[in-house]
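J.: need the 3D shape of this:
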Amino acid sequence: MQLHSLLPVVIFALSVHALPTRHHERGIFDSVGTLDNVLVFDAPAFPDPANPGNTLVNLQAFVSLRQIDLGPLTSGISAALKTLGLDVGNKLSTVEERIKLFGAIGLSGKTVKATVSGCSAQVQLNGTSGLPDLGMVLQTASLGKCGSGKESIAQVKTSGLDSRTFNATIFNSPNSGFGVISDIDDTVKISNVLDKLALAKSTLLDDPEPVPGMPELYASLAKSLNDPQFVYVSGSPFQLYPFLNNFIDTTYSASKGPILLQNLTLVDIPGLLDFAKSDGVQEYKVSMIERIHGMYPNKKFLAVGDSTQKDPETYGEAFNKFGADFITCSWIRRVEGADNSDERFAAAFKGVTAEKFRIYTDADIPSLANINVAGGEC
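T.: Numbers count the residues shown, from 1 in each chain. Sure thing, here's the model as predicted:
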């Protein structure tokens, strides 16, 4: 699911599937400094196929100007919510926290250096990009030799004059065993993407709520699949990352993992609503699954999504593209009000045997834990 269709701003954006490193002449302002903010995304790590014993990480960061006045943006959003019948009331601080990255001014040409606990090499991301992905950088870098733990902390510091640190979790996993690729909105989190008013409320005002039974199911999968690599793939914009990351880390603490979101560049903020269409989400998600396949070509993945947008079509395409040895099973939550016709699912999973996908209801969620996915059941 994607949430950017409900943000009360007009966003002119370009979705990208990989952000190239930009080569430029280095200057005194290249390093991240006291006037900058850094968002470091939780990241997947995997064995280096060219150098056994070493670990690679697919690390992403966003560098922006530190001081931003959110007043105009907050006022515009508050007014836009009132047109939907929503009063911000005492939730102004919640709204500001969730939309602050939409007002961030990305900075190009910034070098981000991170140290990772338990690993021998420092990571250097060379040069945040210019337009259209201003301030963003994504690179695969070597961590050298790392300890045996699954989770480690990547830390970015600015300078000796600045006490701030920017941290992210690195999730290390072997190129074997199992993993889980999961959507977020209306798969593990109640977002009500089919209802504009309810989606705006759940995204900007309310405390996030899990789909009942899903935290317990994912905790069960974490055990039955022997500590799989969970990767959350969502069409939502990266500006919502802190909100979604906190939700996954707390509500799904037994099944934490990196979250892959679309890179959307905010260009204009008039006080209007733009309910953007979901065009391109399937292409984006398939490209993210291709990235995961590049890191873990020998893992077997369970793919979990829902019927509100393009998850069935995405997982069906991924199955046919990467094979049954990679996408071994797909589970799709049947959401009331979505297109849940047999014809839709038959077309989405064309070429996929019926034993390789399952359409489930909320009442089925507790029983999913009894399926022996590791043994080949679906």
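J.: can we go C-alpha only for contacts and neighbour counts from here?
T.: Fine.
J.: could you pull up phi and psi at Pro215?
T.: According to degrees, to the nearest 10, the main-chain angles of Pro215 amount to phi -60, psi -40.
J.: which ones are touching it?
T.: Pro215 makes contact with 188, 251-252, according to C-alpha atoms under 8 Å, 6 or more residues apart in numbering.
J.: Arg358: which of these is nearest?
T.: Closest approach to Arg358 among those (C-alpha to C-alpha): Val188, at 16.4 Å.
J.: need the contacts of Pro215 in TSV with neighbour count, distance to Pro49 and pLDDT, can you?
T.: Below are those laid out as TSV (neighbours: other C-alpha atoms under 10 Å; distance: C-alpha to C-alpha, whole Å; pLDDT from 0 to 100):
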residue	neighbour count	distance to Pro49	pLDDT
Val188	25	33	98
Thr251	18	34	98
Tyr252	20	31	98
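J.: out of those residues, which are inside helices?
T.: Thr251 (DSSP state H).
J.: closest one to Ser152 out of the contacts of Pro215, please.
T.: The closest of those, once distances to Ser152 are taken by C-alpha to C-alpha, is Tyr252, at 17.9 Å.
J.: if I look at that closest one, how far off is Trp331?
T.: 18 Å (C-alpha to C-alpha, to the nearest Å).
J.: what of Phe166?
T.: Distance, Phe166 to Trp331, using C-alpha to C-alpha: 35 Å.
J.: of the two, which one has the most company?
T.: Trp331 (22 against 15; other C-alpha atoms under 10 Å).
J.: within the sheet, what are the partner strands of the helix or strand where that one lies, with directions?
T.: Using DSSP states H and E, Trp331 sits in strand 327-333. Here strand 327-333 is paired, per DSSP bridges, with strand 300-306 (parallel), strand 357-360 (parallel).
J.: tell me the helix or strand right after that strand.
T.: helix 342-348.
J.: now that next one, how far from the centre of its chain.
T.: Chain-centre distance of helix 342-348: 27 Å, with C-alpha atoms, centre = their mean, to the nearest Å.
J.: contact partners for Ser176?
T.: 296, 298-300.
J.: got it, and Asn320?
T.: 351-352.
J.: how far away is it from Val233?
T.: 19 Å.
J.: ditto for Leu221
T.: Distance from Leu221 to Val233, by C-alpha to C-alpha: 18 Å.
J.: and these two? Which one has more around it.
T.: Leu221 (27 against 23).
J.: my guess is that one contacts Ala369. True?
T.: Yes. Applying C-alpha atoms under 8 Å, one finds Leu221 in contact with Ala369, separated by 6.9 Å.
J.: quick check: angle from the longest helix along the chain to strand 327-333?
T.: The helix that spans the most residues within the chain, counting by DSSP H, is helix 281-295. Per axes from the mean of the first three to the mean of the last three C-alpha atoms, to 10 degrees, the angle that helix 281-295 makes with strand 327-333 is 150 degrees.
J.: how close does Pro47 get to Val57?
T.: Distance from Pro47 to Val57, by C-alpha to C-alpha: 9 Å.
J.: contacts for stretch 147-157?
T.: 38, 112-119, 163-173.
J.: dump the residue contacts of Val211.
T.: 186-190.
J.: relative to Glu377, which of those residues is nearest.
T.: Thr187 (20.6 Å).
J.: run a quick neighbour tally on the closest one.
T.: 24.
J.: with the one 3 residues further on instead?
T.: Neighbouring residues of Ile190 were enumerated by other C-alpha under 10 Å; the total is 18.
J.: need the contact list for it.
T.: 202, 208-211.
J.: again, 6 Å this time
T.: Ile190 is in contact with 209-211, counting by C-alpha atoms under 6 Å, 6 or more residues apart in numbering.
J.: with Thr187 instead?
T.: Each residue near Thr187 by C-alpha under 6 Å, 6+ apart is listed here: 305-306.
J.: got the domain boundaries for the chain?
T.: 4-68+103-172, 178-375 (automatic domain parsing).
J.: of these, which is nearest Gly89?
T.: When those are compared by C-alpha to C-alpha, domain 178-375 sits nearest Gly89, at 9.7 Å.
J.: the closest one: end-to-end distance?
T.: Note: domain 178-375 ends 11 Å apart using C-alpha to C-alpha.
J.: just to check, Gly177 is in contact with Asn298?
T.: No. Counting by C-alpha atoms under 6 Å, Gly177 sits too far from Asn298 to count as a contact (7.8 Å).
J.: average pLDDT for stretch 100-117?
T.: Across stretch 100-117, pLDDT averages out at 93.
J.: report the distance from that stretch to the chain centre.
T.: 17 Å.
J.: for that stretch, buried residues please.
T.: Neighbour-count burial for stretch 100-117 flags 100-117 (criterion: 16 or more other C-alpha atoms under 10 Å).
J.: now stretch 37-53, how far from the centre of its chain.
T.: 15 Å.
J.: ok, and what's touching that stretch?
T.: 54-66, 168-174, 258.
J.: so where's this structure shaky on pLDDT?
T.: 1-29, 264-279 (pLDDT under 70).
J.: which parts of it are strands?
T.: For the chain, the strands defined by DSSP state E cover 36-40, 43-47, 55-65, 112-116, 123-125, 136-144, 151-157, 165-172, 178-182, 229-237, 259-262, 300-306, 327-333, 357-360.
J.: what's the closest of these to Val286?
T.: Checking these against Val286 by C-alpha to C-alpha gives strand 229-237 as the closest, at 9.6 Å.
J.: restricting to C-alpha, output the closest one in CSV.
T.: Only the C-alpha atoms of strand 229-237 are listed here, as CSV (Å, rounded to 0.1, in the frame of the first residue of the first chain):
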residue,chain,number,x,y,z
GLN,A,229,15.3,-11.9,7.5
PHE,A,230,12.1,-9.7,7.6
VAL,A,231,12.1,-7.0,4.9
TYR,A,232,9.2,-4.5,4.8
VAL,A,233,8.5,-3.2,1.3
SER,A,234,6.0,-0.3,1.1
GLY,A,235,4.9,2.2,-1.6
SER,A,236,4.8,4.9,1.1
PRO,A,237,7.2,7.9,0.8
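J.: right, I'll leave it there.
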